[in-house]
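> attaching a predicted model along with its sequence, questions to come.
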Amino acid sequence: MIRIAALVCATLVALVGCSSSKDDLNDAQAEYTEEKTKTLQEYKECIDDADDKEEVAKCEALLSAVKALESK
(Lines give C-alpha, C1' and ligand atoms only; values in the text may rest on other atoms or scores of the structure.)
Protein backbone atom coordinates (compact mmCIF):
# COMPACT_ATOMS: atom_id res chain seq x y z
CA MET A 1 0.00 0.00 0.00
CA ILE A 2 2.82 2.39 0.83
CA ARG A 3 4.51 1.57 -2.48
CA ILE A 4 1.32 2.37 -4.39
CA ALA A 5 0.91 5.68 -2.54
CA ALA A 6 4.56 6.55 -3.26
CA LEU A 7 4.11 5.64 -6.93
CA VAL A 8 0.95 7.76 -7.18
CA CYS A 9 2.73 10.72 -5.54
CA ALA A 10 5.77 10.36 -7.81
CA THR A 11 3.52 10.21 -10.88
CA LEU A 12 1.61 13.31 -9.80
CA VAL A 13 4.84 15.22 -9.18
CA ALA A 14 6.14 14.20 -12.60
CA LEU A 15 2.90 15.26 -14.30
CA VAL A 16 2.90 18.62 -12.56
CA GLY A 17 6.51 19.11 -13.62
CA CYS A 18 5.65 18.30 -17.24
CA SER A 19 2.74 20.70 -17.24
CA SER A 20 5.00 23.43 -15.93
CA SER A 21 7.52 22.80 -18.72
CA LYS A 22 4.75 22.98 -21.31
CA ASP A 23 3.52 26.23 -19.81
CA ASP A 24 7.06 27.63 -19.89
CA LEU A 25 7.45 26.58 -23.52
CA ASN A 26 4.12 28.14 -24.47
CA ASP A 27 5.04 31.35 -22.66
CA ALA A 28 8.41 31.49 -24.41
CA GLN A 29 6.82 30.89 -27.81
CA ALA A 30 4.23 33.60 -27.17
CA GLU A 31 6.94 36.05 -26.11
CA TYR A 32 9.01 35.19 -29.21
CA THR A 33 5.98 35.72 -31.46
CA GLU A 34 5.22 39.08 -29.83
CA GLU A 35 8.82 40.26 -30.24
CA LYS A 36 8.95 39.05 -33.84
CA THR A 37 5.69 40.85 -34.63
CA LYS A 38 6.94 44.01 -32.96
CA THR A 39 10.24 43.89 -34.86
CA LEU A 40 8.47 43.29 -38.17
CA GLN A 41 6.18 46.25 -37.46
CA GLU A 42 9.24 48.42 -36.71
CA TYR A 43 10.76 47.23 -40.00
CA LYS A 44 7.60 48.16 -41.92
CA GLU A 45 7.47 51.61 -40.33
CA CYS A 46 11.18 52.10 -40.99
CA ILE A 47 10.77 51.21 -44.68
CA ASP A 48 7.73 53.48 -44.99
CA ASP A 49 9.73 56.40 -43.52
CA ALA A 50 12.96 55.72 -45.44
CA ASP A 51 13.89 58.37 -47.98
CA ASP A 52 17.02 56.87 -49.48
CA LYS A 53 18.98 53.63 -49.88
CA GLU A 54 21.08 54.32 -46.79
CA GLU A 55 17.99 54.49 -44.58
CA VAL A 56 16.55 51.37 -46.22
CA ALA A 57 19.84 49.56 -45.47
CA LYS A 58 19.46 50.47 -41.79
CA CYS A 59 15.93 49.06 -41.86
CA GLU A 60 17.21 45.81 -43.34
CA ALA A 61 19.06 45.17 -40.06
CA LEU A 62 15.70 44.68 -38.37
CA LEU A 63 14.63 42.13 -40.96
CA SER A 64 18.00 40.39 -40.74
CA ALA A 65 17.58 40.05 -36.98
CA VAL A 66 14.23 38.29 -37.44
CA LYS A 67 15.65 35.98 -40.10
CA ALA A 68 18.61 35.10 -37.86
CA LEU A 69 16.31 34.09 -35.03
CA GLU A 70 14.12 32.02 -37.33
CA SER A 71 17.10 30.01 -38.59
CA LYS A 72 17.96 28.78 -35.07
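Ah, there it is.

> please count neighbours and contacts with C-alpha atoms only from this point.
OK.

> least trustworthy helix or strand in this structure by mean pLDDT?
Taking mean pLDDT, DSSP states H and E as the measure, the chain has helix 2-49 as its least confident helix or strand, at a mean of 76.

> what about the residue nearest to residue 40 when sequence neighbours are not counted, how many neighbours?
Setting aside the residues directly before and after it, residue 40 is nearest to residue 63 in space (CA to CA, 6 or more residues apart in numbering), at 6.9 Å. Neighbourhood size, residue 63 [other CA atoms under 10 Å]: 16.

> mind listing what's buried in the helix or strand containing residue 55?
According to DSSP states H and E, residue 55 maps onto helix 53-70. Within helix 53-70, the residues that count as buried by 16 or more other CA atoms under 10 Å are 56, 59, 62-63, 66.

> mind giving me JSON lines with these and columns for pLDDT and distance to residue 20?
Shown next, in JSON lines, are those (pLDDT from 0 to 100; distance: CA to CA, whole Å):
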{"residue": "56", "pLDDT": "93", "distance to residue 20": "43"}
{"residue": "59", "pLDDT": "92", "distance to residue 20": "38"}
{"residue": "62", "pLDDT": "86", "distance to residue 20": "33"}
{"residue": "63", "pLDDT": "86", "distance to residue 20": "33"}
{"residue": "66", "pLDDT": "81", "distance to residue 20": "28"}
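
> distance of the spatially most central residue of the chain relative to residue 20?
For the chain, residue 32 is the residue whose C-alpha lies nearest the centre (CA atoms, centre = their mean; 2.2 Å). Distance, residue 32 to residue 20, using CA to CA, to the nearest Å: 18 Å.

> surely the residue nearest to residue 40 touches residue 42?
No. Using CA atoms under 8 Å, residue 63 is not in contact with residue 42; the gap is 9.3 Å.

> thinking again about what came up before, contacts for the helix holding residue 55 next, please.
The contact list for helix 53-70 (CA atoms under 8 Å, 6 or more residues apart in numbering) reads 36, 39-40, 42-43, 46-47, 50.

> only whichever of those are buried, select them in PyMOL.
The buried residues among the contacts of helix 53-70 can be selected in PyMOL (16+ other CA under 10 Å) with this line:
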select buried, resi 36+39+40+43+46+47
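
> before I go, just wanted to say thanks for your time.
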